[in-house]
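>>> sequence first, then the predicted structure:
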Amino acid sequence: MSDVLRPRRVLVVDDDEQLRYVLRETMSEDGYEVEAASNGREALAIIERWPPDLIVLDLMMPVMDGESFRQEQRRLGLAEQVPLIVLSASREMRSAAERVGAAASVPKPFDLDDLLETVNRLATPT
């Protein structure tokens, strides 16, 4: 199947299981193919076998946080050019989002419709 015809792929990386479930279900209903990881290390393993079109990334997670994930992702050359949306409750979110090269940042708690609008904007092929 060509890239144009396949569903856009979104990787959700967050340690909150309920949030991963809600985002996975909601984005799937919107026609996205969604994978989810509970930390950066799991996300790297997923990217190796399943290249996403967009990554939704929490910054504060156990095992491997969002910034460490991004550093390792770049070091390994895995999906470096894929747009990244940072989710975080941190007051330092904007500066962290800049450090990781995020295309957008969404503060937690967030409005699901606002996040989906950002996902739709960034996951749409140009």
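Sure thing, it's come through.

>>> from now on I want contacts and neighbour counts done on CA atoms only, so please keep to that.
Noted.

>>> residue contacts, residue 79?
For residue 79, the contacting residues are 47, 51, 52, 73, by CA atoms under 8 Å, 6 or more residues apart in numbering.

>>> can you tell me which of those residues is closest to residue 6?
residue 52 (11.7 Å; CA to CA).

>>> distance check, the closest one against residue 11.
6 Å (CA to CA, to the nearest Å).

>>> what of residue 33?
9 Å.

>>> narrow the contacts of residue 79 to those in helices?
Among those, the members falling in helices (DSSP state H) are 47, 73.

>>> contacting residues for residue 87?
Contacts of residue 87 (CA under 8 Å, 6+ apart): 56, 57, 58, 59, 93, 105, 106, 107, 108.

>>> swap that for residue 8, please
Going by CA under 8 Å, 6+ apart, residue 8 touches 31, 32, 33, 52, 53, 123, 124.

>>> now for the protein, the helix or strand with the poorest mean pLDDT.
Here the helix or strand of the chain ranked lowest by mean pLDDT, DSSP states H and E is helix 93-100, holding a mean of 87.

>>> neighbouring contacts of the helix or strand following it?
Where DSSP states H and E defines the elements, the next helix or strand beyond helix 93-100 is strand 104-107. Strand 104-107 is contacted from outside by 84, 85, 86, 87, 88, 89, 90, 93, 94, 97, 115, 118, using CA under 8 Å, 6+ apart.

>>> closest one to residue 23 out of the contacts of residue 79, please.
So of these, ranked by how close each gets to residue 23 (CA to CA), first place is residue 52, at 15.1 Å.

>>> return the distance of stretch 103-111 from the chain's centre.
Distance of stretch 103-111 from the chain centroid (CA atoms, centre = their mean, to the nearest Å) equals 11 Å.

>>> do stretch 97-108 as well
10 Å.
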